[in-house]
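S.K.: Show me how the following folds:
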Amino acid sequence: MYQNSAATPPDPQACIPGRQDSFQNFGLQAISETGPLNPVQIYAATLNPNTDNTPQYTILSTCKTCPYGNSSFALQNGVVTPYGLFGNPRPLLPTVGESQVFYGFLSVVPYAGYCAKPNPVSPSGPFIGFPVLSVNGHADLWGLCTNTSAGGRVDVVYSPVANHPHYNKDDCQGVYLQMSQPYAFVP
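M.R.: Numbers count the residues shown, from 1 in each chain. Predicted coordinates:
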């Protein structure tokens, strides 16, 4: 393998050209802000599964046994979506302190503020390896938080806040959401 050490490194705050337009069938892994050791697989977990055409809410969680869980995603034209779930869940605008919500109804205009950015903690450097998922221009505001009102389920929260009724901010871990191929997950 050849590495050009004179090349200008990618701007960690800029979206990777071409990646936000069409990036299909990728997995999400939560990796610590201090490095990619022990990545945790992220799933799209449907909170109110049903089949009677009522709106469904899906969040990002480590819960692989949650109903209709899925570990494959797509990013197209700035919209990230769980791949192949009933109702075609679309992302809502992220809310500070809350889990990212996907709403399964076609009438919803999906939030299109996502892109892939260079991975700041890749052991091979930002040129090599999997990118990270950014929303609202930030890849560094995600947290893994234990949901104290949902039996200890660990959810992905956008910019955790103090005094939240469903988690303790001090127990949340700052993470990046690494965009990898589903088969590349390292348990």
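
S.K.: Quick one: low-confidence residue ranges for this structure.
M.R.: Using pLDDT under 70 as the threshold, the predicted model of the chain has low-confidence ranges 1-12, 18-23, 36, 49-55, 67-69, 84-87, 105-106, 125-128, 182-187.

S.K.: same thing but 50
M.R.: Low-confidence segments of the chain, defined by pLDDT under 50: 19-21, 183-187.

S.K.: Angles on the backbone of residue 169, please.
M.R.: With angles defined as degrees, to the nearest 10, residue 169 sits at phi -60, psi -40.

S.K.: count of residues packed around residue 121?
M.R.: Residue neighbour count, defined by other C-beta atoms under 10 Å, stands at 17 for residue 121. All C-beta atoms are positioned from the backbone trio N, CA, C, and that covers glycine.

S.K.: All the strands of the chain, residue numbers only.
M.R.: 22-32, 35-46, 57-61, 73-76, 79-82, 90-91, 98-99, 101-103, 114-117, 132-135, 142-147, 153-158, 173-180 (DSSP state E).

S.K.: and the ones you listed as TSV, adding mean neighbour count?
M.R.: Putting the strands of the chain into TSV (neighbours: other C-beta atoms under 10 Å) gives the following:
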stretch	mean neighbour count
strand 22-32	19
strand 35-46	19
strand 57-61	24
strand 73-76	19
strand 79-82	23
strand 90-91	22
strand 98-99	20
strand 101-103	21
strand 114-117	24
strand 132-135	25
strand 142-147	22
strand 153-158	22
strand 173-180	22
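
S.K.: Turn these into TSV, columns for distance to residue 167.
M.R.: Formatted as TSV, the entries for the strands of the chain read as follows, by distance: least, C-beta to C-beta, whole Å:
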stretch	distance to residue 167
strand 22-32	15
strand 35-46	15
strand 57-61	12
strand 73-76	23
strand 79-82	22
strand 90-91	21
strand 98-99	10
strand 101-103	15
strand 114-117	23
strand 132-135	19
strand 142-147	4
strand 153-158	7
strand 173-180	11
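
S.K.: hang on, residue 169 packs against residue 148?
M.R.: No. In this structure residue 169 lies outside contact range of residue 148 using C-beta atoms under 8 Å: 11.7 Å.

S.K.: Show me what residue 173 bridges to in the sheet.
M.R.: Beta bridges link residue 173 to residue 144 when assigned by DSSP bridges.

S.K.: And it, how close does it get to residue 34?
M.R.: As for residue 173, its distance to residue 34 is 10 Å (criterion: C-beta to C-beta, to the nearest Å).
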